[in-house]
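[1] Generate coordinates for the sequence data below:
(chains A and B)
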Amino acid sequence: MNTKFSAKLFVLPFTVALAAVLATTGCKKGITRITPLPGPPQPIVSDNGSVPPNGGQIPGGANPFGSGSGVGSQPIATSTNWDPADTIQDRSALAAYTVHFQFDSAVVQDSEQSNLSAVAQALNADPNVKLLIEGNCDERGTEEYNRALGERRALALRQALAGQGIDANRIRTISYGKDKPVDPAHNSAAWAKNRRGDFVLCHPKSGV
Amino acid sequence: MKNFIFKNIMFLDHCHFKCRPMPGLLLAVCLILPGFRHATAQEINVSQSINVLGDTKPVHVALEGFSPEVASVLRFDLYVQGFDFVPTASAQYLIEGSPGAAVAGTLSDNLAHRVILSRSYTGASFRRQAHAFADDIVQAVLNQKPIGLTKIAFKVQPQGIGPGEIYVSDYDGYNALSVTSDGAIVAKPAWMPGRLALYYTSYAPGNPDIYYHNLQTGQRRIIAAYSGLNTSAAVSPDGSRVAMVLSKSGSDNIWVCQADGSHLQRVTTGVEDSSPAWSPDGRWICFATKRSERRRLARVSADGGPVQYLSTAGTPNPTEPDWSPDGKWIAFTSQAGEFDICVMPSDGSAAPVVLVRGQNPSWSANSRTLVFNHRAPGSYRQVLSVLDVFTKQYKDCLRAPGSSSQAAWER
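    The predicted structure follows:
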């Protein structure tokens, strides 16, 4: 038993080396090495353990991550301790005061001061109300650059409002980069409209 | 342990025929064919010079006797790794298919009329068998790390802008699967090295927050949800840390935390920082910033400290750097009206080379093939494409419906 085993071990390397020589240097039809591949690769699973449908199609049906419970299950403290999702958002009240920006700039122009004053007035009028500033870009930068630029625009507006005496903790910012244009056209008129900061008034939910 | 699990599932096929069974065979090849090995080493030395970028001559091969499906996989894989196809008479190498139910074939030196390798494959699919054969050919001729069986992660926006989902597919776009189904804006997937797991940005919680998503269990959790922006996650090569862009301090900066989101540290203090990317040794983070009113690329120690600016002369508005796994190159996007994919030596020893129109470059493990996205002809939608930076040869991946962008190559 033991002898047989050793003999096999002894012969094997020579067989393998011989096969390699034949396969790499041998005449036209050498020995073919067979490479076994495993079955289908590990399926990619979403939260409910199901395998999404194949073929690059966007799956329909239930949200595999549940309705928010999984998503928000591990909250992390933020420096501004209120969530716009917990408020009643009014997009129309301050829609007339949207601030526009120059190309690739987060500088608040002097010409936009009257819009900012109107927003400050609305906040001063009701100390319970908070503000969400949405920064947006035209389509010309790269995606992540624009996401950062949109945030800078929103932060510049927050800074300007703080300069008018508004408590910065009442203000949250969000950047949509180039993902939320008001005008989807691909021309300079559309671009000028899309480089903007929108103001959303956030009212406390009744009973809160 | 984590690495072990991943390798057994994803790279089982590699292990079967590359690492595990026959170390004696590899030794035999090295000992008996020193001339062949030497030629391969010369190929690699050439690639260390900046002159190789976009100027390398492809390796001429002829393909004979494969089914259309297998031939199309071989053509794609070989083309984007520096091979091109010519008639048999002028080919340096001949790749011949053998009849049979599975993929089988030989690679021969067409001048010396010598068979270099002869392989057949069983199991999986014809596509995977063909990818495995292409890997063996690339390995034998150029001694490059295989990429044929690797995956990419990317975002797909059905309407071109706005909400989308994160997808994972084979690197050529086949076998795409959606990872998310939130119907929210998503951004910038990044692989956890050596694991079937991603970090990405999702607006699903109502804010751009960063998730960690285990693709094997389907479990995900938020690792960065600070007020303001949380985006552009990039995982350190050892998988221990994540760099990202946060605005919690009131400006856009690079921050680094542990893989689980803990121990958050600010590493830059400028005002316009974006797109962090790690050096392969994990010491540096390259990022896009602004200095003296000009957009620049810079690097900073992953622990913070002084910022060093990189010279990107001739390529305005550089963004989206990605450091090659071998440490030699930094690929990035330049914008002079249109977007260009550029590559420069990571040590700044030569000016960047402009390669092709496109954006969002991400290196594969072989440090010469990039995935990127560019505008589809006659459309504003983006398509993914794979580029060999040495020969400038590129091919579009299989298209998903809508606009595909921000691909990250598993490595």
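
[2] low pLDDT regions in chain A?
    Scanning chain A for pLDDT under 70 picks out A:1-31, A:39-80, A:207-208.

[3] Go again with 90.
    Applying pLDDT under 90 to chain A flags the ranges A:1-82, A:206-208.

[4] for chain A, what's the longest strand?
    When chain A is parsed with DSSP state E, its longest strand is strand A:196-204.

[5] hmm, who's touching it?
    For strand A:196-204, contacts defined as CB atoms under 8 Å, 6 or more residues apart in numbering or on different chains pick out A:84, A:87-91, A:93-95, A:97-101, A:119, A:122, A:128-136, A:153-154, A:156-157, A:182. Every C-beta, even on glycine, is put in place using the N, C-alpha and C of the backbone.

[6] which residues in the stretch 1-150 of chain B form strands?
    Per DSSP state E, counting those that start in this stretch, the stretch 1-150 of chain B has strands spanning B:59-64, B:83-85, B:93-97, B:104-109, B:114-122. These are given in chain order.

[7] Kindly identify which of the contacts of strand A:196-204 also come near chain B.
    By CB under 8 Å from any CB of the partner chain, the members of those lying near chain B are A:P84, A:A154.

[8] Any of the contacts of strand A:196-204 buried? List them.
    Buried members of the contacts of strand A:196-204, counted by 16 or more other CB atoms under 10 Å in any protein chain shown: A:84, A:87, A:94, A:97-101, A:119, A:122, A:129-136, A:153-154, A:156-157.

[9] Now intersect those residues with the strands, please.
    Among the buried ones among the contacts of strand A:196-204, the residues falling in strands (DSSP E) are A:T87, A:V99, A:H100, A:K130, A:L131, A:L132, A:I133, A:E134, A:G135, A:N136.

[10] so who does the closest residue to the fifth one other than its chain neighbours touch?
    Leaving aside its sequence neighbours, A:L131 sits nearest to A:I171 (CB to CB, 6 or more residues apart in numbering or on different chains; 4.8 Å). Taking CB under 8 Å, 6+ apart as the definition of contact, the neighbours of A:I171 are A:T80, A:K130, A:L131, A:L132, A:I133, A:R158, A:L161, A:A162.

[11] Pick the one among the residues you listed closest to chain B.
    Taking CB to the nearest CB as the measure, chain B lies nearest A:T80 of those, at 4.1 Å.

[12] ranges for the strands of chain A?
    Taking DSSP E to define them, one finds strands in chain A at A:33-36, A:87-90, A:99-100, A:130-136, A:171-175, A:196-204.

[13] want to throw those into CSV with distance to B:S385?
    Shown next, in CSV, are the strands of chain A (distance: least, CB to CB, whole Å):
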stretch, distance to B:S385
strand A:33-36, 29
strand A:87-90, 40
strand A:99-100, 35
strand A:130-136, 28
strand A:171-175, 27
strand A:196-204, 32
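
[14] Break chain B into its domains for me.
    B:17-142, B:151-409 (automatic domain parsing).

[15] By mean pLDDT, show me the worst of those.
    Lowest mean pLDDT of those: domain B:17-142, a mean of 79.

[16] and the helix of greatest length in chain B, what does it pack onto?
    Counting residues, the longest helix in chain B under DSSP state H turns out to be helix B:126-142. If you count contacts as 3 or more CB pairs under 8 Å, 6 or more residues apart in numbering or on different chains; DSSP states H and E, helix B:126-142 packs onto helix B:12-14, helix B:34-46, helix B:68-79, strand B:93-97, strand B:104-109, strand B:114-122.

[17] C-terminal to it, what's the next element?
    Sequence-wise, the next helix or strand downstream of helix B:126-142 (DSSP states H and E) is strand B:151-157.

[18] by contact count, what packs against that next one?
    strand B:165-170, strand B:186-191, strand B:197-202, strand B:403-409.

[19] want to try JSON lines for these, with distance to chain A and mean neighbour count as columns?
    Below are these laid out as JSON lines (distance: least, CB to the nearest CB, whole Å; neighbours: other CB atoms under 10 Å in any protein chain shown):
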{"stretch": "strand B:165-170", "distance to chain A": "6", "mean neighbour count": "23"}
{"stretch": "strand B:186-191", "distance to chain A": "6", "mean neighbour count": "25"}
{"stretch": "strand B:197-202", "distance to chain A": "8", "mean neighbour count": "26"}
{"stretch": "strand B:403-409", "distance to chain A": "6", "mean neighbour count": "26"}
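
[20] need the ones you listed in a markdown table with distance to B:G148, can you?
    Shown next, in a markdown table, are the helices and strands packed on strand B:151-157 (distance: least, CB to CB, whole Å):
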| stretch | distance to B:G148 |
| --- | --- |
| strand B:165-170 | 9 |
| strand B:186-191 | 17 |
| strand B:197-202 | 21 |
| strand B:403-409 | 13 |
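
[21] So for A:P38, which of those strands sits nearest?
    Among these, the nearest to A:P38 by CB to CB is strand B:165-170 (15.1 Å).

[22] Using CSV, write out the CA atom coordinates for the closest one.
    Coordinates of each C-alpha in strand B:165-170 appear next as CSV, following Å, rounded to 0.1, in the frame of the first residue of the first chain:
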residue,chain,number,x,y,z
GLU,B,165,-29.6,51.6,-10.3
ILE,B,166,-26.2,50.0,-9.6
TYR,B,167,-25.4,47.0,-11.8
VAL,B,168,-22.8,44.3,-11.8
SER,B,169,-21.8,42.5,-15.0
ASP,B,170,-19.0,40.6,-16.7
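
[23] Tell me which other helices or strands the helix or strand just after it touches.
    Next helix or strand after strand B:165-170 toward the C-terminus (DSSP H and E): strand B:177-178. Here strand B:177-178 touches strand B:165-170, going by 3+ CB pairs under 8 Å, 6+ apart.

[24] tell me the angle the strand it packs on makes with helix B:126-142.
    With axes from the mean of the first three to the mean of the last three CA atoms, to 10 degrees as the basis, strand B:165-170 and helix B:126-142 are set at 60 degrees to each other.

[25] Could you check how far strand B:165-170 is from the centre of its chain?
    14 Å (CA atoms, centre = their mean, to the nearest Å).
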